[in-house]
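Q: the sequence and its predicted three-dimensional model are supplied below.
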Amino acid sequence: MSNKLQLLAVVGALLLLPSVATVVSPDSVFASSVMAAEEKKVPKYKDVKTRKRASVGKSCAKALDKLQGEKGPITLATAADEKTDVSGLWTEAKNMLSNIEAREKLCSSPYELTRVWNLQAYASYSLDDLPAAIRYYKKIVESEGAEEEFRLDTRLTLGQFYAATEQYGLAIRQFELWAEKAFIIGAQQRLMMAQLYSILERKDEALKMADIGISEAEAKGEIPKQGFWQLQVPIYYDRDNLEKVTSLLEKLVKHYPKWTYWKQLGGMYGSKERDIDQLVAYDVVYLNGELSSETDVMSMAYMYLGAEVPFRAAKIIETGMKDEIIEVSAKNLEVLGQAWLQAQNLPRALKAFEGASKLSDTGELQYRIASIYLDLGQDKKAYRASVKAEKKGVGKNTASNYNKMGSALINLHCYKDAVKVFNKAVKAAETKKKKRFPKQWIKFANYEGDRLQRLRDVGATVPNCSKA
């Protein structure tokens, strides 16, 4: 089944069976509708003229009764259990009908022939032979013997069969001919016509038909069919009418809440820079366990980071990794570390960065690790991490990395080494403002180093450099 046929499946499946029953049943909806129309004096179709009803002659009726009587193959097939293979009965019915057609005098009037063709179409449909069913229904709509209401009911079925066999141009033509004379066009029929117009790239007609269907439902105080809004969304999106798309999706999530609609709505909010609305839309999906891809879950985490809620971002990533939705990769662990860092949970940030460094030991990762160790007062580890970062390269953070290395050395009482490192920071700094910080520390390191040395010279016990 093609994508376009799938588009029609929901509507088509609902339409096909009732319409077939209408066309083929001896006690058909067609017959009852005529009687009801006569009683109420309200025609089912426009421009219906009163005329004497045609009838089936005795010989033809007797022949058809062998098919539809108590022991006829059609009766037995329709009464059988769903699991029973009745293909043999339908084949028998088709053979019997072909014999009737071959005997020209048996069912000879145009009206009688429409009864035979009707049963042939039904039997063909029951054998999954849609092309044959279409041929017989086509004969009925082109026959002079078909009563007008019966012809129109058959057009509706024929249109559905054309759609089911992907003959969309022929399908919409039958629907249009039917709609011209139909007194009432139901929402289901309007929806299928709108879908056919859309498939045939007749987008304006598709939108117009959908608008009519929506307006008719709202006038009755009913909720329009989901398919009308579904059909309009891609058309307006292709026309770059994002306001309309957003409005339609808001209606869909209100009346037909599905996670796909919430995700699409979140995307629309994002394109309009309605960041909080986007976050809420995605969170509804996430909280109901409907975000199942790494891309979607990581997007949620990034949204929370952007909304300055890093704790929530970190928890989402951790849960995603635990549930094996998010890969435990260097990149994802780095984002997790950054989230915990922003949430000021340094131990968990350090754990994430250390995990990332085992998978991709870059200078940037070691620079971040050095920063956390320094903040945690673990100066030796901070110094070693900053040395690793220096060797691997940290790009724009070079001066900052030297500053962290120098700070760790001062805390370790390695003042001469600190001066050398801070001098490197001065050279790497790009602006006077950035050079000011290491210069101040150079003065402090020289002063403190000299002070401690003087104390040592007089026999005082003072800390020595402990970077090793």
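A: Done, it's in.
Q: for the protein, name the helix or strand with the lowest mean pLDDT.
A: helix 29-40 (a mean of 32; mean pLDDT, DSSP states H and E).
Q: what ranges does the stretch 101-250 of the chain have for its strands?
A: Here the stretch 101-250 of the chain has no strands by DSSP state E, counting those that start in this stretch.
Q: and for residue 332, nearest residue in space, chain neighbours not counted?
A: residue 326 (5.6 Å; CB to CB, 6 or more residues apart in numbering). Heads up, the C-betas are built off the backbone N, CA and C, glycines and all.
Q: is it true that that neighbour lies in a strand?
A: No: using DSSP: H, G, I helix; E, B strand; the rest coil, the assignment for residue 326 is coil, not a strand.
Q: tell me who's in contact with it.
A: 294, 297, 298, 317, 320, 332 (CB atoms under 8 Å, 6 or more residues apart in numbering).
Q: next one: residue 222
A: Applying CB under 8 Å, 6+ apart, no residues contact residue 222.
Q: distance of it relative to residue 253?
A: From residue 222 over to residue 253 the distance is 18 Å, taken as CB to CB, to the nearest Å.
Q: where does the stretch 351-468 of the chain dip in pLDDT?
A: For the stretch 351-468 of the chain, the stretches with pLDDT under 70 are 468.
Q: same thing but 90
A: For the stretch 351-468 of the chain, the stretches with pLDDT under 90 are 360-362, 393-396, 429-430, 432, 434, 448-449, 452-468.
Q: got it, and the stretch 101-250 of the chain?
A: 101, 103-108, 144-149, 181-184.
Q: can you map out the helices along it?
A: Counting by DSSP state H, counting those that start in this stretch, the stretch 101-250 of the chain has helices at residues 110-126, 130-142, 148-164, 168-181, 187-199, 203-219, 226-238, 242-255.
Q: now those helices as JSON lines including distance to residue 103 and mean neighbour count?
A: Listed next are the helices of the stretch 101-250 of the chain as JSON lines, based on distance: least, CB to CB, whole Å; neighbours: other CB atoms under 10 Å:
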{"stretch": "helix 110-126", "distance to residue 103": "11", "mean neighbour count": "23"}
{"stretch": "helix 130-142", "distance to residue 103": "17", "mean neighbour count": "19"}
{"stretch": "helix 148-164", "distance to residue 103": "23", "mean neighbour count": "25"}
{"stretch": "helix 168-181", "distance to residue 103": "31", "mean neighbour count": "19"}
{"stretch": "helix 187-199", "distance to residue 103": "38", "mean neighbour count": "23"}
{"stretch": "helix 203-219", "distance to residue 103": "45", "mean neighbour count": "17"}
{"stretch": "helix 226-238", "distance to residue 103": "47", "mean neighbour count": "19"}
{"stretch": "helix 242-255", "distance to residue 103": "57", "mean neighbour count": "17"}
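Q: possible to save those helices as TSV with distance to residue 352?
A: Shown next, in TSV, are those (distance: least, CB to CB, whole Å):
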stretch	distance to residue 352
helix 110-126	63
helix 130-142	60
helix 148-164	55
helix 168-181	55
helix 187-199	48
helix 203-219	50
helix 226-238	38
helix 242-255	35
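Q: quick one: which of those helices is nearest residue 278?
A: Of all the helices of the stretch 101-250 of the chain, helix 242-255 sits nearest to residue 278, with 11.1 Å by CB to CB.
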